[in-house]
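S.K.: Mind looking at a prediction? Sequence and model below.
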Amino acid sequence: MKIAIMSTMPPNTYSGGRYDAWTMAEGLAARENTVWFITNNHPIFYDDFKEYEGHDQIRLVITADFQVDIYEDELDYVVLVPNQDKTDYFYLMCRNFARKKKAKLVLRNFESPNWFNQYSPVHRDEKMWEFWKDTCNDGCLVLSNSKESMKYAKEYYTEYPQYTRFDYWYPAINSKAADKVCAEKEKRIISFVRFADKHKGGEDIIDIAGEYLAGYTLVFVVGNGQWNAMYDYKLEFLSKKYDFQYEIRRRLSDEEKFKEIKKARFMLFPSYFEGYGYPPVEAQYCNTICIAYDLPVLRETNKEGVIYCERGNILAMQEALKAAVENYEEKELKTQIRELGDFNLRADAICDVLKKYLQDDYRNPKAPYLRIVKPVLPETKRKISMIHQLKRIYPRFVRRCKEGMHVVYNKALAVKRVVWLRKMPIHLGENFYDRITGRLYMKGWYLAWREIDRVQIENSHGTIIGYAVYGQKRSDVYEKYPQYGTMLLGWEYDGTVDAADMGEFVRVRIVCSDGKLSWGDFLPEVREGMDQR
């Protein structure tokens, strides 16, 4: 078979969906299929698979705009690997590429909104999936990553039943890297965390601490590298109270990741929603006991190899971990997960799935080539002459003059609350300080090209008051500044501060991983006993 897999790829960071796509490419190439992997950045995990027999046969194509061509006139399949994109540009490029190559389109379906919103504590707008759904207009094999996912997909992708097919394929893990690592079990508990997404349950892990953890080390693996210093503060306090250690591990290679899993006695996985759930499968493959919230998809893939707790019940997870710690004994779990853990079996499975549809031409013959408007970044917009600008703005001149005084008045009110001692890309939204309760609440956003290490809140004397939670999703900011390439631009602080510690103003200081600093100085709105938590 001849297959092109098309996927966006975040630079220098990790994404489960992108990893899923790459294992598919490796599996297909290992079975002597011709595979192109078309993406916009070099995969950070590329070298982790260098020992697989088909690795060097994958034709990796790096493109900034997905305007690519390959020497083959026809392909069997084009696999579209979706993301939560704000524009349809990538999707239209993939769909047109499939039509150009006379290929059948495959949509890798990680989740659908009817499924996600049923389980996630934070709902998402269904429009975030509209570009996924539109692919069915061309004729599409919706390839889910589990039976549970496929069940909901059949309820969601319903507009073009004649040209839509449904199937599923469990993704592969890097079993060669896992088998290569040898490590003895230690008193360690591992977790994979992503605090920016509430449905991943990262904050629940911190709440399970207790005296039973004495002598243990908690290991937090941060795949995307983002960690909030506020959690350091909490963990430092809890580790001293309960006599445990903690480590933060960022952007591990596969060998390093499996070494950490194999050393750990337990894995905590408090996710409220999963499309598949790599970590529990990897834990069993490494004979590490996994404790997870009870999700149907985990029951499907892991069966009884996981200790399940009521979803969202932190106390139940704490009790389960305590019982497991007090009664620990090593278990043989690897054999139970062989179907999902053996790379060769997953490689055979993806080939079998795609071969089923080679003779089933589900393409929509009436599907047209799609008109594509490439998103224009602010720095590439057409320059406009001064005369042209004056002609364009003249009809609005009178109206703006009338509005001028109103604007000046509002600006004056804002200046009373915000003092900029230095022009920095830090912006303040809702904020107040309650003199009665001492509650200080501030939230806003920032623009930064660099990786953020922490956002700290200081008073005018330079004393640190606390640390803000950062990396929150701000789609409104992303729409205005798409050139920063991420929606994770929000920050929020909510704490109690004595009036004597407030000082003359509050400084929000951003500390980047490379040591660069940015800050803004603000005067929060003062309230008197109006604090409503």
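M.R.: Perfect, thanks for sending it. Residues are numbered from 1 along each chain as shown.
S.K.: contacts and neighbour counts: CA atoms only from here.
M.R.: Fine.
S.K.: how close does G139 get to E159?
M.R.: 11 Å (CA to CA, to the nearest Å).
S.K.: So these two - more neighbours on which side?
M.R.: G139 (25 against 12; other CA atoms under 10 Å).
S.K.: is it true that that one touches L107?
M.R.: No. Look at G139 against L107 with CA atoms under 8 Å: they stay out of range, at 10.1 Å.
S.K.: Tell me which stretches of the stretch 1-150 of the chain form helices.
M.R.: According to DSSP state H, counting those that start in this stretch, the stretch 1-150 of the chain carries its helices in the segments 16-30, 89-100, 113-119, 130-134, 147-156.
S.K.: Could you give me the buried positions within stretch 460-476?
M.R.: Of all the residues in stretch 460-476, those buried under the rule 16 or more other CA atoms under 10 Å are I464, I465, G466, Y467, A468, V469, Y470, G471, Q472, K473, R474, S475.
S.K.: Please disregard the earlier target; I meant stretch 474-489.
M.R.: So, applying 16+ other CA under 10 Å, buried residues of stretch 474-489: R474, S475, V477, Y478, P482, Y484, T486, M487, L488, L489.
S.K.: just the residues you listed now: which is nearest E326?
M.R.: Among the buried residues of stretch 474-489, L488 lies closest to E326 (CA to CA), at 39.6 Å.
S.K.: Could you find the closest non-adjacent residue to F90?
M.R.: Closest residue to F90 apart from its sequence neighbours, by CA to CA, 6 or more residues apart in numbering: F66 at 7.3 Å.
S.K.: ok, now A316?
M.R.: Leaving out its chain neighbours, the residue that sits closest to A316 by CA to CA, 6+ apart is C309, at 6.0 Å.
S.K.: Below-threshold pLDDT in this protein: ranges please.
M.R.: Low-confidence segments of the chain (pLDDT under 70): 195-197, 223-230, 375-424, 449-450, 514-515, 529-533.
S.K.: sorry, back to before: what number of residues are in the vicinity of the residue nearest to A316?
M.R.: Count around C309 with other CA under 10 Å applied: 20.
S.K.: any idea how far E332 is from it?
M.R.: Plainly put, C309 is 21 Å away from E332 if you go by CA to CA.
S.K.: Could you work out the end-to-end span of stretch 104-121 for me?
M.R.: End-to-end distance for stretch 104-121, by CA to CA: 36 Å.
S.K.: related to what we said a few turns ago, so which of the buried residues of stretch 474-489 sit within helices?
M.R.: Members of the buried residues of stretch 474-489 lying in helices (criterion: DSSP state H): S475, V477, Y478.
S.K.: so which of those residues comes closest to L517?
M.R.: The closest of those to L517 turns out to be V477 (CA to CA; 21.1 Å).
S.K.: thought the closest one was touching L488?
M.R.: No. Contact criterion CA under 8 Å: V477 and L488 do not qualify, at 9.3 Å.
S.K.: Can you convert the buried residues of stretch 474-489 into CSV and add a column each for distance to E236?
M.R.: CSV is the format used below for the buried residues of stretch 474-489 (distance: CA to CA, whole Å):
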residue, distance to E236
R474, 29
S475, 33
V477, 33
Y478, 34
P482, 36
Y484, 33
T486, 30
M487, 29
L488, 26
L489, 26
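S.K.: Look at V219 and say how many residues are nearby.
M.R.: Neighbours of V219 using other CA under 10 Å come to 21.
S.K.: so who does it touch?
M.R.: R188, I189, I190, S191, Y246, E247, I248, R249 (CA atoms under 8 Å, 6 or more residues apart in numbering).
S.K.: quick one: contacts for L488?
M.R.: Here L488 is in contact with A196, Y470, G471, Q472, K473, R474 (criterion: CA under 8 Å, 6+ apart).
S.K.: just curious, which of those is nearest to I314?
M.R.: Distances from I314 to these, taken by CA to CA, are shortest for A196, at 19.0 Å.
S.K.: out of the helices of the stretch 1-150 of the chain, nearest to Y278?
M.R.: For Y278, the closest of those is helix 16-30, at 8.0 Å, according to CA to CA.
S.K.: what ranges do the helices span in the stretch 301-450 of the chain?
M.R.: Counting by DSSP H, counting those that start in this stretch, the helices of the stretch 301-450 of the chain are 314-326, 338-341, 343-356, 386-417.
S.K.: Which residue, other than its chain neighbours, is closest to A30?
M.R.: In this structure, A30 finds its nearest non-sequential neighbour in G54, 4.1 Å apart by CA to CA, 6+ apart.
S.K.: which residues sit in contact with the one you found?
M.R.: Residues counted as contacts of G54 (CA under 8 Å, 6+ apart) are E26, G27, L28, A29, A30, R31, E32.
S.K.: In space, what's closest to the second one - neighbours in sequence excluded?
M.R.: Which is G27. Nearest non-adjacent residue to G27 (CA to CA, 6+ apart): A347, at 4.1 Å.
S.K.: wouldn't Y272 be in contact with N117 here?
M.R.: No. With contact defined as CA under 8 Å, Y272 does not count as touching N117 (10.5 Å).
S.K.: So the two - more neighbours on which side?
M.R.: Counted by other CA under 10 Å, Y272 and N117 do not tie: Y272 has more neighbours, with 21 against 15.
S.K.: Now that one: which helix or strand?
M.R.: In this assignment (DSSP states H and E), Y272 forms part of neither any helix nor any strand.
S.K.: residue contacts, it?
M.R.: Y272 touches Y119, S120, P121, H199, K200, G201, Y293, L295, R311, G312, counting by CA under 8 Å, 6+ apart.
S.K.: Filter the residues you listed down to the buried ones.
M.R.: Y119, S120, H199, K200, G201, Y293, L295, R311, G312.
S.K.: The last one is in contact with L295, isn't it?
M.R.: So the one you mean is G312. No. In this structure, G312 is not within contact of L295 by CA under 8 Å, at 10.7 Å.
S.K.: Can you show me the CA trace of stretch 72-83 as CSV?
M.R.: The C-alpha trace of stretch 72-83 is given here as CSV (Å, rounded to 0.1, in the frame of the first residue of the first chain):
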residue,chain,number,x,y,z
GLU,A,72,3.6,9.3,-6.8
ASP,A,73,0.6,10.2,-9.0
GLU,A,74,-1.8,8.0,-7.0
LEU,A,75,-2.0,6.8,-3.4
ASP,A,76,-4.2,4.3,-1.6
TYR,A,77,-4.8,6.4,1.5
VAL,A,78,-4.2,9.9,2.9
VAL,A,79,-4.5,9.8,6.7
LEU,A,80,-5.5,13.2,8.2
VAL,A,81,-4.4,13.5,11.9
PRO,A,82,-6.5,16.4,13.3
ASN,A,83,-5.9,18.9,16.0
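S.K.: got a list of contacts for that stretch?
M.R.: With CA under 8 Å, 6+ apart, stretch 72-83 has contacts from 1-8, 17-18, 21, 91, 94, 97-98, 100-109, 132, 358.
S.K.: Kindly recompute the last result at 7 Å.
M.R.: 1-7, 21, 94, 98, 101-108, 132 (CA atoms under 7 Å, 6 or more residues apart in numbering).
S.K.: From the residues you listed, which land in strands?
M.R.: The strands, defined by DSSP state E, take in K2, I3, A4, I5, M6, S7, K104, L105, V106, L107, R108 from those.
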